[in-house]
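Colleague: Return a 3D structure for these sequence lines:
(2 chains, ligands or ions: 1)
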Amino acid sequence: MPVSREYQEPETIQRILHQARTVAIVGLSPNELRASNFVGFYADRHGYEVIPVNPREDEIMGFRSYPSLEDIPKTVDVVDVFRDPSAAINIARQAVAVGAGALWLQFGVISDQAAEIARAGGLDVVMDRCFKIEHARYIGRMHWLGFNTRVITGRRPAHLL
Amino acid sequence: MQNPDQKPLRSFGFHTRSVHAGARPEPNTGARAVPIFQTSSYVFEDPESAAAYFNLQEYGNTYSRIMNPTVAAFEERVGNLEGGIGAVAFASGLAAQSAVLFTLLNPGDHVVASAALYGGTVTQLKHLFRKMSVGLTFVDPDSPENWKAALADETKLLFAETIGNPGGNVLDIEPVAGIAHGHDIPLVVDNTFATPYLCRPIDWGADIVVHSATKFLGGHGTSIGGVVVDSGEFDWSNGKFPVISDPSPAYHGLAFHETFGGYGYLMKLRAETLRDLGSAMSPFNAFLFMQGIETLPLRMERHVANAVTLADWLRGRSEVAAVRYAGLDDSPYSTSRAKYLPKGAGAVFCFDLAAGREAGQEFIRGVELFSHLANVGDAKSLIIHPASTTHRQLDEEELAAAGIGPGTIRLSVGIEDVDDLIWDLEAAFARIA
Ligand SMILES: Cc1ncc(COP(=O)(O)O)c(C=O)c1O
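Modeller: Numbers count the residues shown, from 1 in each chain, chains lettered A, B, ... in the order given. Next comes the predicted model:
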């Protein structure tokens, strides 16, 4: 089922990427080969504060891991979800409760219900998109690997990549 | 991180994208043309970055057999024009095709391919597959039913050309893609003759598009190159492609589809297949291809206009038994052409001299402006006699299946003044009179 474009808006995605400081990764795996670990590693490298949310671990990638969003003692800008779609609904409720800025559902985490809950709670919502790929598309180096970033501009980038 | 102060994104038109896609100004110098990064390798910032690049945790340059910024600009441009999620470039069109096949197939697998393919592709499939113990069935591509009838449990992909070389068959892409997807396998289309300006197979359901960039993309007959574009839509986790979905022993256990989602196939194509086969495109060739693509839409308009005029003129000649060009109204492919190629059926077509093989060779001796050579898609007009050259390795049956007779002449119509081209062919007809 195709995901509604309203949850994949380039402007929204760019605003989130530019404004966010803290990224809580729900379902972050300590296994270096898992997609969530790739994203956590990448977000940390690019200056975001990564906050693991995984009740089975005390620490992931050197950062303290929290059992749930509600246990995090600071503001969460982005809630990035690597759980199955059924779990996303409750995570969306928690994201609203803690006053997060955005709910970001990764590839395959497709739940209109979760998206609706978050949107009604005032959050920006991104669905079926990868945080790492979108960052690399707009401000990173995705075009170095021949991917179609769709970015077309005649302006000189203001910063080195 | 600063705010980019960017205007809302826009869906830019094809001409704009032909000039701009993949080519942002270079951040270090401001160079507006894509620089030729003529370097084999790249200095790492620190050991952590080096490790991250090799682990694919970060997009970074390591070694030009695997990636290069000039080549990447070309890849992004073609990926963008075809409407795919990206592309990987190769040293030639055939290198691109073999990489697609090598990435997806294992011994014991089976492929169904059109019988009306470029002769070099027919040879490649037959001989490569024999060595790899992959089964192969050629089908008459014109009826979708033929594709369906050839499917086996082991079939892993369908392979065809948008416009067949040299018979001019126009593939009925939509139903053939439907047959592939009904069998949970991808349709791979060689879009060399159409180019993304005339047809974008991904819009009709194709999963992977390959090109010989040597032809119209480059457009000036200067360089050999190829490219693979992925739609990003095919579900490689459907159980039929453990080669993409299972942890890869060739990349320390990475599961490409799980980690990279729709980008997994291209990642594997680059990080494993290109790395291991080593058939990389040179940065200089990529630069020339980029330059060529800037004028692709303009050239294709002119190529098509000249081809239509010439085909129509040839049809009126008494020495000509048949003109096989999908751009003519009485072509058996005119319905498919109207659907898939509304801007034209390309600029390569064949005609049959009634007088046969010797007249064919004599005709070629009679031209002045047309170049007698084994290529297509140059700005200059080209001519060849397939039975004695490009399709020489094919036996009689295969020749017939590919639509080639003893007196068949293939033209690749260039962008010269069409009156001059007619003048040239008139002289050749005079020679065989
Ligand atoms: C339709 C088609 N596909 C593939 C190829 C092979 O491309 P290359 O010569 O760049 O390897 C050719 C070359 O003639 C071709 O015409």
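
Colleague: where are the low-confidence patches of chain B?
Modeller: Filtered on pLDDT under 70, chain B yields the residue ranges B:1-9, B:402.

Colleague: what ranges do the strands span in it?
Modeller: B:86-90, B:110-114, B:135-139, B:155-161, B:187-190, B:208-212, B:226-230, B:320-324, B:348-353, B:371-372, B:382-384, B:408-412 (DSSP state E).

Colleague: which other residues reach the first one?
Modeller: Applying Cβ atoms under 8 Å, 6 or more residues apart in numbering or on different chains, the contact partners of strand B:86-90 are A:145-148, B:71, B:74-76, B:78-79, B:96, B:99, B:213, B:225-230, B:232, B:263, B:266, B:269-270, B:274, B:279-281, B:286. Where you see a C-beta, it was placed from the backbone N, CA and C, and this is true even at glycine.

Colleague: Mind doing that once more with 6 Å?
Modeller: Among residues not part of strand B:86-90, those counted as contacts by Cβ atoms under 6 Å, 6 or more residues apart in numbering or on different chains are A:146-148, B:71, B:74-75, B:78-79, B:96, B:99, B:226-229, B:266, B:269-270, B:279, B:281.

Colleague: Show me which of the residues you listed are buried.
Modeller: Burial by neighbour count, 16 or more other Cβ atoms under 10 Å in any protein chain shown: within the contacts of strand B:86-90 this picks out A:146-148, B:71, B:74-75, B:78-79, B:96, B:99, B:226-229, B:266, B:269-270, B:279, B:281.

Colleague: Spatially nearest residue to residue A:51 (excluding sequence neighbours)?
Modeller: Among residues not flanking residue A:51 along the chain, residue A:24 sits closest, at 4.4 Å (Cβ to Cβ, 6 or more residues apart in numbering or on different chains).

Colleague: can you pull the contacts of residue B:155?
Modeller: Residue B:155 touches B:110, B:112, counting by Cβ under 6 Å, 6+ apart.

Colleague: Break chain B down into its structural domains.
Modeller: B:14-292, B:296-432 (automatic domain parsing).

Colleague: Switch those domains over to a markdown table; also include distance to residue A:97.
Modeller: Output for the domains of chain B, formatted as a markdown table (distance: least, Cβ to Cβ, whole Å):
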| stretch | distance to residue A:97 |
| --- | --- |
| domain B:14-292 | 29 |
| domain B:296-432 | 53 |
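
Colleague: mind checking which of these is nearest the ligand?
Modeller: domain B:14-292 (2.4 Å; Cβ to the nearest ligand atom).

Colleague: Start and end of that closest one, how far apart?
Modeller: Using Cα to Cα, to the nearest Å, the end-to-end distance of domain B:14-292 comes to 15 Å.

Colleague: re the thing from before, kindly provide the distance from the residue nearest to residue A:51 to chain B.
Modeller: 18 Å (Cβ to the nearest Cβ, to the nearest Å).

Colleague: Which strands border the helix or strand containing that residue, and is each parallel or antiparallel?
Modeller: Counting by DSSP states H and E, the element that carries residue A:24 is strand A:22-26. With DSSP bridges as the test, strand A:22-26 is paired with strand A:49-53 (parallel), strand A:78-81 (parallel).

Colleague: In the longest helix along chain A, which residues are buried?
Modeller: Counting residues, the longest helix found in chain A (DSSP state H) is helix A:85-97. Across helix A:85-97, burial judged by 16+ other Cβ under 10 Å covers A:85, A:87, A:88, A:89, A:91, A:92, A:94, A:95, A:96.

Colleague: Report the spatially closest residue to residue B:141, excluding sequence-adjacent ones.
Modeller: In this structure, residue B:141 finds its nearest non-sequential neighbour in residue B:114, 3.7 Å apart by Cβ to Cβ, 6+ apart.

Colleague: which bits of the stretch 1-150 of chain B sit near the ligand?
Modeller: Residues of the stretch 1-150 of chain B lying near the ligand by Cβ under 6 Å from any ligand atom: B:92, B:93, B:94, B:118, B:120, B:121.

Colleague: Show me which of those residues is closest to residue A:122.
Modeller: Residue A:122 lies nearest to residue B:93 out of these, by Cβ to Cβ, at 52.5 Å.

Colleague: Tell me the residue of chain A that sits nearest the ligand?
Modeller: Relative to the ligand, the nearest point of chain A is residue A:146 (17.9 Å; Cβ to the nearest ligand atom).

Colleague: excluding its backbone neighbours, what's nearest that residue?
Modeller: residue B:75 (3.0 Å).

Colleague: so what's that neighbour up against?
Modeller: Listed by Cβ under 6 Å, 6+ apart, the contact partners of residue B:75 are A:146, B:87, B:89.

Colleague: related to what we said a few turns ago, could you say which of the strands of chain B is packed most deeply?
Modeller: strand B:86-90 (a mean of 31; mean count of other Cβ atoms under 10 Å in any protein chain shown).

Colleague: And the residue of chain A most remote from its centre, how far from residue B:76?
Modeller: No residue in chain A sits farther from the centre than residue A:154, which is 28.8 Å out by Cα atoms, centre = their mean. To residue B:76, residue A:154 is 16 Å away according to Cβ to Cβ, to the nearest Å.

Colleague: Check residue B:50 too.
Modeller: From residue B:50 across to residue B:76, the span is 24 Å (Cβ to Cβ).

Colleague: more neighbours, those two?
Modeller: Per other Cβ atoms under 10 Å in any protein chain shown, whichever of residue B:50 and residue B:76 has more neighbours is residue B:76, with 26 against 16.

Colleague: The more buried one reaches residue A:143, doesn't it?
Modeller: Yes. Between residue B:76 and residue A:143 there is a contact under Cβ atoms under 6 Å: 5.3 Å.

Colleague: if we can go back for a sec, burial measure for the closest residue to the residue farthest from the centre of chain A other than its chain neighbours, as a count.
Modeller: Spatially, and ignoring its direct neighbours in sequence, residue A:154 is nearest to residue B:25 (6.7 Å; Cβ to Cβ, 6+ apart). Residues near residue B:25, counting by other Cβ under 10 Å, number 16.

Colleague: And the one 5 residues further on, by the same measure?
Modeller: Here the number of neighbours of residue B:30 (other Cβ under 10 Å) works out to 9.

Colleague: In terms of helices and strands, where is the closest residue to it other than its chain neighbours?
Modeller: Spatial nearest neighbour of residue B:30, excluding adjacent residues (Cβ to Cβ, 6+ apart): residue A:156 at 5.0 Å. Using DSSP H and E, residue A:156 sits in no helix or strand.

Colleague: wait, doesn't residue A:156 sit right on residue B:29?
Modeller: No. In this structure residue A:156 lies outside contact range of residue B:29 using Cβ under 6 Å: 9.0 Å.

Colleague: out of the two, which sits in the busier spot?
Modeller: residue A:156 (14 against 9).

Colleague: gap between the more buried one and residue B:26?
Modeller: Using Cβ to Cβ, one obtains 8 Å as the distance from residue A:156 to residue B:26.

Colleague: Identify the bridge partners of the residue nearest to residue B:141.
Modeller: The partner residues for residue B:114, given DSSP bridges, come to residue B:139.

Colleague: show me what contacts the residue nearest to the spatial centre of chain A?
Modeller: In chain A, the residue lying closest to the centroid (Cα atoms, centre = their mean) is residue A:80, at 3.4 Å. By Cβ under 6 Å, 6+ apart, residue A:80 lies in contact with A:23, A:25, A:104, A:131.

Colleague: Check what pLDDT the last one gets.
Modeller: Looking at residue A:131, its pLDDT reads 96.

Colleague: was I right about it contacting residue A:40?
Modeller: No. Between residue A:131 and residue A:40 there is no contact under Cβ under 6 Å: 9.5 Å.

Colleague: quick one: which of the two has more around it?
Modeller: A side-by-side neighbour count of residue A:131 and residue A:40, using other Cβ under 10 Å, places residue A:40 first with 29 against 25.

Colleague: Kind regards, and thank you for your time.
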